[in-house]
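Q: Below are the sequence and a predicted model; questions follow.
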Amino acid sequence: MDARTPIEGSSNVIALAASFNLNCDCFVVGTNSGIRVFDAGNCKLLAKRLFKEGGVGLIQIVGRTNIIPLVGGGRVPVHNPLKVVVWDEKRQKFTREVPCKRPIRGLHVLGQKLVVVLDEEVSIYNIDHQPVRVHSFTTTPNPAGLCAVSRTHFAILGQIPGHVKIVHNETHEVSIIPAHSSELAAIALSRDGSLLATASEKGTLIRVFLTANNGRVAELRRGVDQVSIFSLGFNPSGTLLACTSDKGTLHIFDIPHQTTSDGPGPAGGSRQSGGVPSDVGGEWAYEESDGGVSFSSDQRADPTRSGDSRSGRWGVLGKIPFMPKYFRDTVSFASAEFAMDDGPAANRIREADEASAMRRSRLPLGIIGWRNDNTVVVLGTGSEPKYERFVISTGNEGQRVCVRQAWANYLNMELS
């Protein structure tokens with residue numbers, strides 16, 4: 001399909017999907033009128049492509065390159081939603097497609113491979129030239145399209161509710177982790193693939209496992225009220241875990257296991273493993289300035305919920321024998337609010353219509369991507385989607401706090 005000037009004005013643009021690349025140095029957005037690529041460090045717009053009929057419901061990017069796999073979505077999809085298509089921004093055309101017989105729930109990139117998540121199946125395709133399916137796995141029903149990828153492994157749902165399959169990227173060897181007794185709401189892998197984080201649909205406990213031996217290394221308490229977990233994400237070294245939920249709160253946890261990682265340095269700039277498709281035409285340059293981002297003056301941290309999670313929230317109470325388990329659980333050492341739905345009611349109706357067309361209850365919110373070990377970015381979608389950058393810093397009393405450093409409505413960004 002040729003890219004053309006959209007009929008709708010820019011005020012009617014709705015972000016339907018957003019995702020970070022594996023190193024979280026850029027993110028890509030699918031809208032109801034095209035695609036956009038941004039630098040994750042400063043929210044600078046790197047590329048923008050508009051389609052006459054351009055609804056994009058799922059989107060990924062290969063590293064920091066011109067290759068962008070996507071799935072049509074929304075009320076007017078850019079392509080049949082039952083196939084994955086690959087957009088080449090350099091050549092400005094779709095170059096490959098992967099037809100599927102059932103609705104596509106999730107999409108991820110592993111170098112030259114695509115991970116396509118269906119309702120009860122996950123398939124791996126080599127896309128270096130014409131797509132070829134190289135493996136498939138059966139899962140429990142997965143309407144949310146849960147899947148996580150890393151440099152060495154990817155994680156998918158098992159065949160029993162609450163179980164996770166850990167699959168080696170190259171050999172496709174499988175190990176199974178019985179993470180929870182109920183359905184899963186979110187999963188995440190550390191960048192080196194050594195750690196798995198899981199949350200169930202209850203949303204109160206997050207569990208962390210070693211993928212090498214399936215052993216549990218931490219149980220983290222988000223709270224006592226049942227919530228919907230939006231996203232989980234490890235920092236590059238695997239020492240911290242971030243969590244977002246429908247409470248509108250970003251929680252930061254310590255991970256007691258110290259993992260050795262060959263991950264990127266502070267800029268997060270190492271290349272994605274597994275190679276890239278042969279038609280990659282270079283990469284967008286890195287920029288470390290803060291151009292294009294508005295700076296916060298309110299610093300929306302909550303010092304009252306900050307401290308040392310290793311000692312627990314309740315101090316000596318947690319050490320008293322026979323006290324309820326809640327008093328002994330590890331809690332977040334810092335938290336901060338992130339943007340939820342704050343647009344006009346008319347916009348929310350349009351957003352609901354777009355989500356309903358994709359058989360979703362809502363558009364994605366609280367998408368987590370770590371820029372470095374102390375900086376985490378949270379993305380939303382919708383008609384007024386936010387880019388928010390948080391930093392872990394030291395408060396006035398020496399405690400660690402999570403402070404919102406910068407934010408922007410990324411749909412307002414223009415090419416420079």
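A: Happy to help now that I have it. Numbering: from 1, shown residues only.
Q: and residue 356, that's in a helix?
A: Yes - counting by DSSP: H, G, I helix; E, B strand; the rest coil, residue 356 is part of a helix.
Q: what's the burial count for it?
A: For residue 356, the neighbour count with other C-beta atoms under 10 Å is 13. Every residue, glycine included, has its C-beta placed from N, CA and C.
Q: The one 3 residues further on now?
A: The local packing count at residue 359 equals 12, with neighbours defined by other C-beta under 10 Å.
Q: Just the pLDDT for it.
A: pLDDT recorded at residue 359 is 93.
Q: Could you pull out the buried residues of stretch 232-243?
A: In terms of neighbour count (16 or more other C-beta atoms under 10 Å), stretch 232-243 has its buried residues at 232-243.
Q: How about residues contacting that stretch?
A: 186-192, 194-195, 197-199, 206, 208, 220, 222, 229, 231, 250-255, 257-259, 261, 263-264, 268, 332, 368-370, 372-374, 376, 392 (C-beta atoms under 8 Å, 6 or more residues apart in numbering).
Q: Take these and keep only those in strands.
A: Counted as lying in strands by DSSP state E, out of those, are 186-189, 195, 197-199, 206, 208, 220, 229, 231, 250-254, 368-370, 372, 376, 392.
Q: all helices of the stretch 201-350 of the chain, in order?
A: Per DSSP state H, counting those that start in this stretch, the stretch 201-350 of the chain carries helices over the ranges 345-357.
Q: quick one: low-confidence parts of the stretch 251-400 of the chain?
A: Along the stretch 251-400 of the chain, segments meeting pLDDT under 70 span 257-329, 342.
Q: 90 - rerun?
A: 256-330, 341-347, 395-398 (pLDDT under 90).
Q: now swap in the stretch 1-150 of the chain and tell me
A: Those would be 1-12, 52-54, 111-112, 127-131, if you go by pLDDT under 90 across the stretch 1-150 of the chain.
Q: still on that earlier bit, quick one: which of the buried residues of stretch 232-243 is nearest to residue 214?
A: residue 238 (16.5 Å; C-beta to C-beta).
Q: Relative to residue 150, how far out is the closest one?
A: For residue 238, the distance to residue 150 (C-beta to C-beta, to the nearest Å) stands at 10 Å.
Q: Then residue 125?
A: Residue 125 is 18 Å from residue 150, where distance means C-beta to C-beta.
Q: higher neighbour count, these two?
A: Just comparing residue 125 and residue 150: by other C-beta under 10 Å the higher neighbour count belongs to residue 150, 24 against 21.
Q: Quick one: residues contacting the closest residue to that one other than its chain neighbours.
A: With sequence-adjacent residues excluded and distances taken as C-beta to C-beta, 6 or more residues apart in numbering, residue 150 is closest to residue 193, at 3.6 Å. Going by C-beta under 8 Å, 6+ apart, residue 193 touches 150-153, 211.
Q: Now for those residues: which two are most distant?
A: Largest separation among the contacts of residue 193 by C-beta to C-beta: 151 and 211, giving 12.0 Å.
Q: What is the nearest of the buried residues of stretch 232-243 to residue 18?
A: Nearest to residue 18, judged by C-beta to C-beta, of the buried residues of stretch 232-243 is residue 233 at 13.6 Å.
Q: and the closest one, what are its bridge partners?
A: On the basis of DSSP bridges, residue 233 is bridged to residue 242.
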